[in-house]
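Peer 1: let's see this in three dimensions:
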Amino acid sequence: MVDDSKHIIIQAKNARIIAILAEKFGGSLDKAIDVFYHSVTAQMIQDGVADLHCRSDYYLADEIYREYAEV
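Peer 2: Down below sits the predicted model:
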């Protein structure tokens, strides 16, 4: 049950991060979803690296946006 709860929390966090990214991309939800799910940061959140899920949504969105800008 704990794994299910954690999964739900991570998915809700992902949705909030994607919404923030969409704002950064001028409202493009498709672009935000694509960038999010192809980012190293999102994979690290999913893998539980360094408790990134404890960071703020805005911080993580900024990290993913920077990662995208570097490509």
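
Peer 1: quick check: Leu29 touching Glu23?
Peer 2: No. Between Leu29 and Glu23 there is no contact under CB atoms under 8 Å: 10.0 Å. Yep, even glycine has a C-beta here, placed from its N, CA and C like the rest.

Peer 1: give the contact list for Val40.
Peer 2: Listed by CB atoms under 8 Å, 6 or more residues apart in numbering, the contact partners of Val40 are Glu67.

Peer 1: cool, and the one 10 residues further on?
Peer 2: Taking CB under 8 Å, 6+ apart as the definition of contact, the neighbours of Ala50 are Met44.

Peer 1: where does the chain dip in pLDDT?
Peer 2: Along the chain, the parts satisfying pLDDT under 70 run over 1.

Peer 1: dump the biggest helix by length in it to PDB, restricted to CA.
Peer 2: The residue-count maximum for a helix in the chain (DSSP state H) belongs to helix 2-24. Only the C-alpha atoms of helix 2-24 are listed here, as PDB (Å, rounded to 0.1, in the frame of the first residue of the first chain):
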ATOM      1  CA  VAL A   2       2.900   2.400   0.700                       C
ATOM      2  CA  ASP A   3       4.200   2.000  -2.800                       C
ATOM      3  CA  ASP A   4       0.700   2.800  -4.200                       C
ATOM      4  CA  SER A   5       0.500   6.000  -2.100                       C
ATOM      5  CA  LYS A   6       4.000   7.100  -3.100                       C
ATOM      6  CA  HIS A   7       3.200   6.400  -6.800                       C
ATOM      7  CA  ILE A   8       0.000   8.600  -6.500                       C
ATOM      8  CA  ILE A   9       2.000  11.400  -4.800                       C
ATOM      9  CA  ILE A  10       4.700  11.300  -7.500                       C
ATOM     10  CA  GLN A  11       2.100  11.300 -10.300                       C
ATOM     11  CA  ALA A  12       0.400  14.400  -8.800                       C
ATOM     12  CA  LYS A  13       3.700  16.100  -8.500                       C
ATOM     13  CA  ASN A  14       4.500  15.300 -12.100                       C
ATOM     14  CA  ALA A  15       1.200  16.900 -13.200                       C
ATOM     15  CA  ARG A  16       2.000  20.100 -11.300                       C
ATOM     16  CA  ILE A  17       5.500  20.300 -12.800                       C
ATOM     17  CA  ILE A  18       4.100  19.700 -16.300                       C
ATOM     18  CA  ALA A  19       1.600  22.500 -15.700                       C
ATOM     19  CA  ILE A  20       4.400  24.900 -14.600                       C
ATOM     20  CA  LEU A  21       6.400  23.900 -17.700                       C
ATOM     21  CA  ALA A  22       3.400  24.500 -19.900                       C
ATOM     22  CA  GLU A  23       3.300  28.100 -18.600                       C
ATOM     23  CA  LYS A  24       7.000  28.500 -19.400                       C
END
